[in-house]
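**Student:** turn this into a structure:
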Amino acid sequence: MAPAAKVTGFYREGNDWFCNASLVSDFTLVVDGVNFHLHKFPLMSRCGRIDKLLGAVQGPHEGTFLTTLEDFPGGSDIFLVTVKFCYGIRIEYTPRNIVMIYCAADYLEMTEDYGEDNLLFKADAYFHKNILKNWKDCILALQSCDSIIPRADKLEIISKCSHALSVMVCTDPSLFGWPMLLYGCLQSPGGSILWNGINTGARIQTIESDWWFEDISYLSVPLFQRLIRTMEVRGIRHENLAGAMMYYCRKYLPGLGRWQSGQIGKTRTVASFSMTPAAVNQKVLLESVAKQLPELKGKSFCRFLLGLLRVALILGVQQTCLDSLERRTGMQLDLASLDGLLIPSYSDSDTLYNTDCVERMIHHFISFESGITAIPNPSSFEIGTSPSSHPLRRVAKLVDSYIAEVASDVNLKPEKVRSLAEALPESSRSLHDGLYRALDIYFKAHPWLSAKEKEQLCNIIDCQKLSIDACAHASQNDRLPLRVVLQVLFFGQLQLRTAVAGRFQVLDTESGPAAPVTGPSDMAGQIVQRDGWVTVVRENQGLKVDLERMKSRVGELEEEFSKIKQEMRKVTKSHSYLSSPRFLARRFGCKLLPQSSDTQPDVVESTGPTPRASVEQPRSSRHRKSSSLIS
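**Tutor:** Below you'll find the model as predicted:
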């Protein structure tokens, strides 16, 4: 120990460290390429590993011994700290270096067998007494474990730090002192602030449940995962864990915040201290978070999943990760928004948007929803539940809006539009107005579609589920096939007849004796009783306007068809006269005997049913027949 007593410090010359001692160094240790010229006795008396190395050296190698310490925890800087301890120089323990010193002492086997109060014992005592009882120091110590995770796991440093942080998160933060240091004063039992023992009346500001999100976001991905897993075992609410992971992802995935409504802006840290953000592999982060996210359901959480899905498609993560995100998003598709579903196509596809991904999410929702509805749920039969609030109805409305949004893409195929519309069951749509609007936009953006393709797409629309306004628009829509227009006119007139009949029945009921009424008239009677005669008169006026509009449209169609029919008759008569035997006989100077059939006028017979079978009457009876369909 004599040389150690004379050492006052260490100095560096280039890549070599020397000690201020009167004796010349007798062996050299190399750590991370740095040479330490030391003495045997101080190190052999404290380090079991060096004692074994020097004990194996024999004969001529003494005095010139040189060895290298591979994979030393903390590198040359921490090794210098341990060397100072062996020479009896006072060292300083901090939250940033205590883990490294702890692991270095374990690496050098600086146990109690090589002297009392050895470095391993001192580091362990400082770690348990100071680090694990303070939030800030525990975070700093855990962050320093990133480069030595295997050895820190051996000493259970990571598990102890994670457990301590979980306990502090579960406990009221005011019990640990550091949140209240924001005031620099004490707290009274009533919750007010004390100044020299006097109640000032000021209140302690409330600490939110997400105060710890910012602090743990400085950890690397493996350490963050370990901490979240420990918190989950500890029993922290899944909503808080999901919030911490969402905050972490928004911090290290820059593309994610672009599609998120919330901003990271405000710092939630309680332990105001500076830390260096972790170096994060975005692809590894996304894949790990997708596995660890809890099963939650909510609008903000669904929006977060859709944002993760966008970033996952950009980064090109594994297919299992994409499938998991699509499945989890599809399970709560009824909470998604339209802008969240507009996922651009990042592959070699010709379409602007990734419609295949949306279609898979729809199928996931259908399978999940069918699994839920298979089990009777008493809450679903509550009185007053609106049909529009049903998840399936909301998804149908969302899908119709999505088709209308992507319909302007010129590369979108009719088969894809049909598959998206038919992915949902027929019972999901009470009205087909949204579907009709989407197809109208698609026909406008694709004028080159054939009549057959348009009719195939229009087959997914149920004309009986179109509102009166939609029927009025469709009856004047030149982009629709003629057969579809006639169907819309027919069902529109049928709806108007039912509505008008219901109104007249209501008026008769009001003027005559009271009688039980059922069906549409009952509903109309309730409207009259609630809103009075003014509402009935206004609605009747609106119905009359719609009737006149449809009548004029039917008249135009009948007139056009009559002109076509007359032209066909003229052409047919001329053709039959030129090919008749009488004309040929006169041409060649022959005479034919008169026949009774020659006296009959030529009649053009219809060869099959036509789409305008209801308007085969002469032009003079057009107004009478059109009014008979409505009356």
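**Student:** show me what residue 18 bridges to in the sheet.
**Tutor:** Bridge pairing for residue 18 (DSSP bridges) gives the partners residue 11.
**Student:** now the helices for the stretch 1-150 of the chain?
**Tutor:** For the stretch 1-150 of the chain, helices defined by DSSP state H, counting those that start in this stretch occupy the ranges 2-5, 40-44, 48-55, 75-86, 98-107, 119-126, 135-143, 149-154.
**Student:** output the helix or strand residue 441 falls within as CSV, nothing but the C-alphas.
**Tutor:** Here residue 441 sits within helix 433-445, counting by DSSP states H and E. Presented in CSV, the C-alpha positions along helix 433-445 are these (Å, rounded to 0.1, in the frame of the first residue of the first chain):
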residue,chain,number,x,y,z
ASP,A,433,-78.4,8.0,-50.5
GLY,A,434,-74.7,8.0,-49.6
LEU,A,435,-74.1,5.1,-51.9
TYR,A,436,-75.9,6.8,-54.7
ARG,A,437,-73.9,10.0,-54.2
ALA,A,438,-70.6,8.0,-54.3
LEU,A,439,-71.6,6.3,-57.5
ASP,A,440,-72.6,9.5,-59.1
ILE,A,441,-69.2,11.0,-58.3
TYR,A,442,-67.6,7.9,-59.7
PHE,A,443,-69.6,8.1,-63.0
LYS,A,444,-68.7,11.8,-63.3
ALA,A,445,-65.0,11.1,-62.9
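**Student:** other SSEs contacting it?
**Tutor:** Applying 3 or more C-beta pairs under 8 Å, 6 or more residues apart in numbering; DSSP states H and E, one finds that helix 433-445 makes contact with helix 391-406, helix 414-421, helix 451-458, helix 468-475. Where you see a C-beta, it was placed from the backbone N, CA and C, and this is true even at glycine.
**Student:** show me the contacts for residue 447.
**Tutor:** Residue 447 makes contact with residue 479, according to C-beta atoms under 8 Å, 6 or more residues apart in numbering.
**Student:** where does it fall, helix, sheet strand or coil?
**Tutor:** Assigned by DSSP: H, G, I helix; E, B strand; the rest coil, the conformation of residue 447 is coil.
**Student:** and the gap between it and residue 441?
**Tutor:** For residue 447, the distance to residue 441 (C-beta to C-beta, to the nearest Å) stands at 12 Å.
**Student:** which intervals of the stretch 101-250 of the chain have sub-threshold pLDDT?
**Tutor:** For the stretch 101-250 of the chain, the stretches with pLDDT under 70 are 172-208.
**Student:** so for residue 301, what's the pLDDT?
**Tutor:** The model reports residue 301 with a pLDDT of 93.
**Student:** ditto for the one 4 residues further on
**Tutor:** In this model, residue 305 is scored at 95, pLDDT.
**Student:** so it touches residue 328, yeah?
**Tutor:** Yes. With contact defined as C-beta atoms under 8 Å, residue 305 reaches residue 328; the gap is 5.8 Å.
**Student:** neighbour count winner among those two?
**Tutor:** Higher neighbour count among residue 305 and residue 328: residue 305, with 25 against 22, using other C-beta atoms under 10 Å.
**Student:** how far away is the more buried one from residue 289?
**Tutor:** Look at residue 305 and residue 289: by C-beta to C-beta, they are 11 Å apart.
**Student:** residue 490 is nearest to which of the helices of the stretch 1-150 of the chain?
**Tutor:** Closest of these to residue 490 is helix 135-143, at 72.6 Å (criterion: C-beta to C-beta).
**Student:** got a list of contacts for that closest one?
**Tutor:** Helix 135-143 is contacted by residues 95-96, 98-99, 127, 130-132, 157-158, 161-162, 164-165, 168, 173, 176, 178, 215-216, 218-220, 223, 227, 270-271, 273, 275, 278 when judged by C-beta under 8 Å, 6+ apart.
**Student:** restricting to C-alpha, output it in PDB.
**Tutor:** C-alpha atoms of helix 135-143 as PDB (Å, rounded to 0.1, in the frame of the first residue of the first chain):
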ATOM      1  CA  TRP A 135     -37.700   9.600  -9.100                       C
ATOM      2  CA  LYS A 136     -35.200  11.700 -10.900                       C
ATOM      3  CA  ASP A 137     -32.100   9.700  -9.900                       C
ATOM      4  CA  CYS A 138     -33.900   6.400 -10.700                       C
ATOM      5  CA  ILE A 139     -34.700   7.600 -14.300                       C
ATOM      6  CA  LEU A 140     -31.100   8.800 -14.800                       C
ATOM      7  CA  ALA A 141     -29.700   5.500 -13.500                       C
ATOM      8  CA  LEU A 142     -32.000   3.400 -15.700                       C
ATOM      9  CA  GLN A 143     -31.100   5.400 -18.700                       C
END
